[in-house]
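Trainee: curious how this folds, go ahead:
(one chain, ligands or ions: 2)
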Amino acid sequence: MRTYLVTGGAGFIGSNYIHYMFGKYGNDIRIINLDALTYAGNPENLADIEDNANYTFVHADICDADAVRKIFEENDIDRVVHFAAESHVDRSIKDPGVFVRTNVLGTANMLACARYAWERPDGTYPEDKKFLHVSTDEVYGSLPEDGGYFYETTPYAPHSPYSASKAGSDMLVRAYMDTYHFPANITNCSNNYGPYQFPEKLIPLMINNALLGRSLPVYGDGKNVRDWLYVEDHARAIDLVQEKGRLFETYNVGGHNEKQNIEIVKTIIEVLREELPDDDPRRAHINEDLITYVEDRKGHDRRYAIAPDKIKAEIGWEPETMFKEGIRKTIRWYFEHQDWMEHVTSGQYMKYYEEMYS
Ligand code: NAD
Ligand code: DAU
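Mentor: Ligands and ions are numbered 1, 2, ... in the order given. Presented below is the predicted three-dimensional model:
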């Protein structure tokens, strides 16, 4: 039975990935989820599997060498899937230090512990040990509005402290592959959306605000472009890269689904109105009057767009969920899980929201 060590599995993409993996492989795999449970980590995201005998949660920090080493000593880890990170650009602009610590030093520690556990005295590695580093398209910088795509060969040009710290972590993984022949892959993915995303990010923030009748804060002119991918398609890509991809390679993951932010916000309003029952009183306030243009994000990247040619040609991966279907599924999920939203938006979240948007 294969054992996975997943870091950051209580966050948005990590928890969707764990659900996807148990859905696909059932009890043929074991998953150990290592998560520090920062504001973004929520055990409720995995409540339905916490009693599964093949699932173990370890509450620890990826920077803690003793804790990570202990996991490798006590378990024969076959796969590492490294999601854990500080992930929100706006927070990185306010407080870059924690991004350097978690994303750069934390990744350095994960690599060192995996190498220590896996490397043989002659410098080789057992055939089936693999480390996948989950990264982002933001490391490539920003594209002009009128064209171009991010390829695996595009030079790195990060702009925010978040993307700079992710670029640093990618470079460490590359260095391990080049120096130690460390068995790894890197995936660079575009913007994800779907269930369990923390409402500091555009889509869940807009859904939550609209339902509450709060204004919908659009940065700048609202014409920045992101390339949106349904989170389950990302989970499937990660699994396929580990099982079918060539070791030491980077794969870009995205769906050719570019949208301006303002289009996303208008779509959310439209779909919410379609989904609300006729007699729901929230119909009265959910309309485009809620849209408020606010001060732009500092250093705001204009456009991201992934060219997923390599992952398609080599592995056969393509997105399966079209945006129209994915956004409806997502909105329904938040509708049906308003208790989840209430839990994550209590206390600290309101403090963050007031500081960020006041
Ligand atoms: P998230 O913020 O929702 O979750 C991050 C998780 O990591 C949380 O569970 C948190 O508790 C955990 N964590 C943070 N610091 C930790 C530490 N020091 N030790 C252990 N655990 C820690 O993030 P996400 O959106 O799910 O992103 C996951 C990964 O995917 C990140 O590496 C991110 O850079 C990358 N990524 C995200 C997107 C996106 O659109 N969200 C797109 C491409 C790549
Ligand atoms: O591209 C992949 C990246 O996507 C990931 O690496 C990051 O972890 C993830 O957070 C995401 O980064 P973005 O900055 O693109 O996502 P965010 O949801 O914060 O913002 C999406 C766009 O919406 C961006 O252009 C900023 C804008 N925005 C965002 C918020 C929160 C607004 O206009 N208003 C808002 O309130």
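Trainee: show me which residues of this structure are close to ligand 2?
Mentor: Applying CB under 6 Å from any ligand atom, we find that the chain lies next to ligand 2 at 87-89, 136-138, 190-191, 201-202, 205, 217-219, 224, 226, 261, 297, 304. Every C-beta, even on glycine, is put in place using the N, C-alpha and C of the backbone.
Trainee: the same query, at a cut-off of 5 Å, please.
Mentor: 87, 89, 136-138, 191, 201-202, 217-219, 224, 261 (CB under 5 Å from any ligand atom).
Trainee: take those and lay them out in CSV including secondary structure.
Mentor: Conversion of the residues of the chain next to ligand 2 to CSV gives the following (DSSP: H, G, I helix; E, B strand; the rest coil):
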residue, secondary structure
Ser87, coil
Val89, helix
Thr136, strand
Asp137, helix
Glu138, helix
Asn191, strand
Lys201, coil
Leu202, helix
Pro217, strand
Val218, strand
Tyr219, strand
Asn224, coil
Asn261, helix
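Trainee: buried subset of those residues?
Mentor: Buried residues within the residues of the chain next to ligand 2, counting neighbours by 16 or more other CB atoms under 10 Å: Ser87, Val89, Thr136, Asp137, Glu138, Asn191, Lys201, Leu202, Pro217, Val218, Asn224, Asn261.
Trainee: one step back: reformat the residues of the chain next to ligand 2 as CSV; add pLDDT.
Mentor: Supplementary listing: the residues of the chain next to ligand 2 in CSV, determined by pLDDT from 0 to 100:
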residue, pLDDT
Ser87, 98
Val89, 98
Thr136, 98
Asp137, 98
Glu138, 98
Asn191, 98
Lys201, 98
Leu202, 98
Pro217, 98
Val218, 98
Tyr219, 98
Asn224, 98
Asn261, 98
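Trainee: what residues of stretch 315-327 count as buried?
Mentor: Applying 16+ other CB under 10 Å to stretch 315-327 flags Ile315, Trp317, Pro319, Thr321, Phe323, Gly326, Ile327 as buried.
Trainee: quick check, nearest of the residues you listed to Glu145?
Mentor: Lowest distance from Glu145 to the buried residues of stretch 315-327 (CB to CB) belongs to Phe323, with 19.5 Å.
Trainee: so who does Glu232 touch?
Mentor: Residues in contact with Glu232, defined by CB atoms under 8 Å, 6 or more residues apart in numbering, are Asn16, Tyr20, Gly194, Glu320, Thr321.
Trainee: quick one: the third one and Ala235 touch, right?
Mentor: No: at 9.4 Å, Gly194 does not count as touching Ala235 under the criterion of CB atoms under 8 Å.
Trainee: need the overlap of contacts for those two.
Mentor: Common neighbours of Gly194 and Ala235 (criterion: CB under 8 Å, 6+ apart): Asn16.
Trainee: any bit of the helix or strand where Glu342 lies sitting next to ligand 1?
Mentor: Assigned by DSSP states H and E, Glu342 falls within helix 338-344. No: Helix 338-344 does not reach ligand 1 (CB under 5 Å from any ligand atom); its nearest approach is 10.5 Å.
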